[in-house]
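A.B. asks: 3D model of this:
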Amino acid sequence: MSIKSVAAKLFASKIYNNTQAWAKKPVETQMKVFKSLIKGAIDTEFGKNHHFDKIKTIEDFKNHVPVRDYEDLRPYIDKVRLGHKDILWKGQPLYFAKTSGTTSGAKYIPLTKESMPYHIEASRNAILHYIHETGNADFVDGKMIFLQGSPELIEKNGIKLGRLSGIAAHFVPKYLQKNRLPSWETNCIEDWETKINAIVDETIDKDMTIISGIPSWVQMYFERLEEKSGKKVGDLFKNFNLFIYGGVNYEPYRAKFENLIGRKVDSIELFPASEGFFAYQDSQKSKGMLLLLNSGIFYEFIKADEFFSENPKRLTIGEVELGVNYVLIISTNAGLWGYNIGDTVQFTSLYPHRVIVSGRIKHYISAFGEHVIGNEVENAMKEAMENTNIRINEFTVAPQINPTEGLPYHEWFVEFENEPENMLTFAEAIDNAMRKQNIYYDDLITGNILQKVVITKVAKNGFQEYMKSQGKLGGQNKIPRLANNRDIADALKNE
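C.D. replies: All right, here's what the predicted structure looks like:
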């Protein structure tokens, strides 16, 4: 056992104990964060406009600060981008993380000197919790890779701009620099396919122990490794035993990954976003990710089925329940206030508070009142694939409201690696799993309003070609699991 791995275990124990201290006091921890945020922004333009000097309680905050999305907050953000100070948070942000918005075009999310360290610490602490629980720290001596965006930044009005993953690349600790791949030059390649090929060339003969990224793009990396070497990834990287991912549910990809690797590896799920690093998987034995209650973010939760009502109730951490679908609302030390990030979560545990990402409030199917969410379609796919040799590369779901014949239906577009022997049986298994999860969907099937699931096969690399056509190949981009329209569906049919 190396000195580095011994040190990692000692540090992991310390971080675990620190985490337990705040996780056992969720309400008190969040109240402390809340007071700190109000105090930190009391003299800002936003704070003055919303009477932060009069906010003493969370109820005061709800009364003065409405729930907003990016467009609502944009007038303030535009002032910050022009170089004005003390607008949303004291001073100026260090960075803007540029993200792709669905309705707003590009979004510019501020990152401040107070918020940025939490992004870095959360990634580190996720690994340290894994070390503490499993005792496995040997991987710290090997090479590590995170498939990320370019670290090249531009500067305007004193604020640097880039992708979050590229910004984070500037904060890799010195003790990890020698272990980290790919090279800076390769990371700066913009074209994703060129970049993946360069990463393959740089890593194919290295002792890779940790690989991290969004599953769909890591899958592409693994496929290129196998094409070039003729070997399973696990044979190339004999000490590779930890996959770290975020952005999408890993379960639909797991069978394909294990086939590409040639064996099972442990995994850690993360819940990062430009707006904040919200949660990470703190245990291999428990479902869900630990919600980070002490990381400069004050959380509110609105029940998803009430979100579009006139005055939905805003709940805090002491009021949430297990298994309820909540829209996540945040206020942060980067200057986001009552901000709807668009994600929905469900709690799997209340002490400590662990969550799963259940979908996007705008990504659902409710063409007939069924309100199917992302978590349901992912669970249905997982259940239908269990105990089979079926493997998929990607999938998405859309309603077909006006079929050429018969009743409407939900159309599942699936790119198979290993097809089912009987497609109708597979579709039936998906449909049954959906009906068990969603009573509204079951009622529509039973009442002959909808016919059962229809599966449409997508050609190999069809999803990659679609993402390329949208200028979203690689990086932090991902295919929505479902949509209430047929924009993606029609594009896939026209491939």
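
A.B. asks: domain parsing for the chain?
C.D. replies: 1-362, 364-493 (the TED database).

A.B. asks: Mean neighbour count added to those domains, as CSV?
C.D. replies: Placement of C-beta: from N, CA and C, glycine included. Shown next, in CSV, are these (neighbours: other Cβ atoms under 10 Å):
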stretch, mean neighbour count
domain 1-362, 18
domain 364-493, 18
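
A.B. asks: Report the contact partners of residue 217.
C.D. replies: Neighbouring residues of residue 217 by Cβ atoms under 8 Å, 6 or more residues apart in numbering: 147, 192, 196, 474, 475.

A.B. asks: which secondary structure element contains it?
C.D. replies: Using DSSP states H and E, residue 217 sits within helix 215-229.

A.B. asks: same question for the helix or strand just after that helix, mean pLDDT?
C.D. replies: Going down the chain from helix 215-229, the next helix or strand is helix 233-236, by DSSP H and E. Per-residue pLDDT values over helix 233-236 give a mean of 96.

A.B. asks: and helix 233-236, what other elements does it pack with?
C.D. replies: helix 215-229, helix 251-261 (3 or more Cβ pairs under 8 Å, 6 or more residues apart in numbering; DSSP states H and E).

A.B. asks: when you compare where the helix holding residue 217 runs with where helix 251-261 runs, what's the angle?
C.D. replies: The directions of helix 215-229 and helix 251-261 differ by 10 degrees, with axes from the mean of the first three to the mean of the last three Cα atoms, to 10 degrees as the criterion.

A.B. asks: For the chain, identify the residue most remote from the centre.
C.D. replies: residue 405 (38.2 Å; Cα atoms, centre = their mean).

A.B. asks: What score does that one have for pLDDT?
C.D. replies: pLDDT, read off for residue 405, is 90.

A.B. asks: Tell me if it really is in a strand.
C.D. replies: No - assessed with DSSP: H, G, I helix; E, B strand; the rest coil, residue 405 is coil; it does not lie in a strand.

A.B. asks: any idea how far it lies from residue 454?
C.D. replies: Separation of residue 405 from residue 454 (Cβ to Cβ, to the nearest Å) stands at 12 Å.

A.B. asks: Please tabulate the helices and strands packed on helix 233-236 in JSON lines, including the columns mean pLDDT.
C.D. replies: What follows is the helices and strands packed on helix 233-236, written out as JSON lines (pLDDT from 0 to 100):
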{"stretch": "helix 215-229", "mean pLDDT": "91"}
{"stretch": "helix 251-261", "mean pLDDT": "89"}
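
A.B. asks: Could you dump these into CSV and include distance to residue 433?
C.D. replies: Shown next, in CSV, are these (distance: least, Cβ to Cβ, whole Å):
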stretch, distance to residue 433
helix 215-229, 21
helix 251-261, 13
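
A.B. asks: so which of those helices gets nearest residue 284?
C.D. replies: Ranking these by proximity to residue 284 (Cβ to Cβ) places helix 251-261 first, at 14.3 Å.

A.B. asks: What lies in contact with the closest one?
C.D. replies: So helix 251-261 is contacted by 215-216, 218-219, 222-223, 226, 232-234, 240, 243, 250, 264, 378-379, 381-382, 385, 390-393, 395, 417 (Cβ under 8 Å, 6+ apart).

A.B. asks: who touches the residue nearest to residue 248 when sequence neighbours are not counted in this structure?
C.D. replies: Spatially, and ignoring its direct neighbours in sequence, residue 248 is nearest to residue 478 (5.2 Å; Cβ to Cβ, 6 or more residues apart in numbering). Going by Cβ under 8 Å, 6+ apart, residue 478 touches 214, 216, 247, 248.

A.B. asks: How much space separates residue 478 from residue 245?
C.D. replies: 11 Å.

A.B. asks: shared neighbours of these two, which are they?
C.D. replies: residue 214.

A.B. asks: one step back: quick check: which of the helices and strands packed on helix 233-236 is nearest to residue 290?
C.D. replies: helix 251-261 (19.1 Å).

A.B. asks: how far out from the middle of the chain is that closest one?
C.D. replies: 18 Å (Cα atoms, centre = their mean, to the nearest Å).

A.B. asks: what residues does the very next helix or strand once past it touch?
C.D. replies: As assigned by DSSP H and E, the chain's next helix or strand after helix 251-261 is strand 266-273. Residues outside strand 266-273 that contact it (Cβ under 8 Å, 6+ apart) are 119, 122-123, 126-127, 130, 134, 136, 164, 241-246, 250, 277-281, 284, 289, 341, 343, 355, 357.

A.B. asks: In CSV, could you pull the C-alpha coordinates for strand 266-273?
C.D. replies: What follows is strand 266-273 as a C-alpha-only set of coordinates in CSV (Å, rounded to 0.1, in the frame of the first residue of the first chain):
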residue,chain,number,x,y,z
ASP,A,266,-18.0,0.1,-8.9
SER,A,267,-19.7,3.4,-9.8
ILE,A,268,-20.3,6.8,-8.1
GLU,A,269,-23.2,9.0,-9.2
LEU,A,270,-22.8,12.8,-9.0
PHE,A,271,-25.5,15.6,-9.3
PRO,A,272,-23.5,18.6,-10.6
ALA,A,273,-24.8,21.6,-12.6
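
A.B. asks: Partner strands of that strand and their direction?
C.D. replies: strand 242-246 (parallel), strand 276-280 (antiparallel) (DSSP bridges).

A.B. asks: Turn those into a markdown table, columns for distance to residue 172.
C.D. replies: Converted to a markdown table, those look like this (distance: least, Cβ to Cβ, whole Å):
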| stretch | distance to residue 172 |
| --- | --- |
| strand 242-246 | 14 |
| strand 276-280 | 15 |
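
A.B. asks: Put together TSV for those, with distance to residue 155 and mean pLDDT on each row.
C.D. replies: Below are the strands paired with strand 266-273 laid out as TSV (distance: least, Cβ to Cβ, whole Å; pLDDT from 0 to 100):
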stretch	distance to residue 155	mean pLDDT
strand 242-246	28	93
strand 276-280	23	97
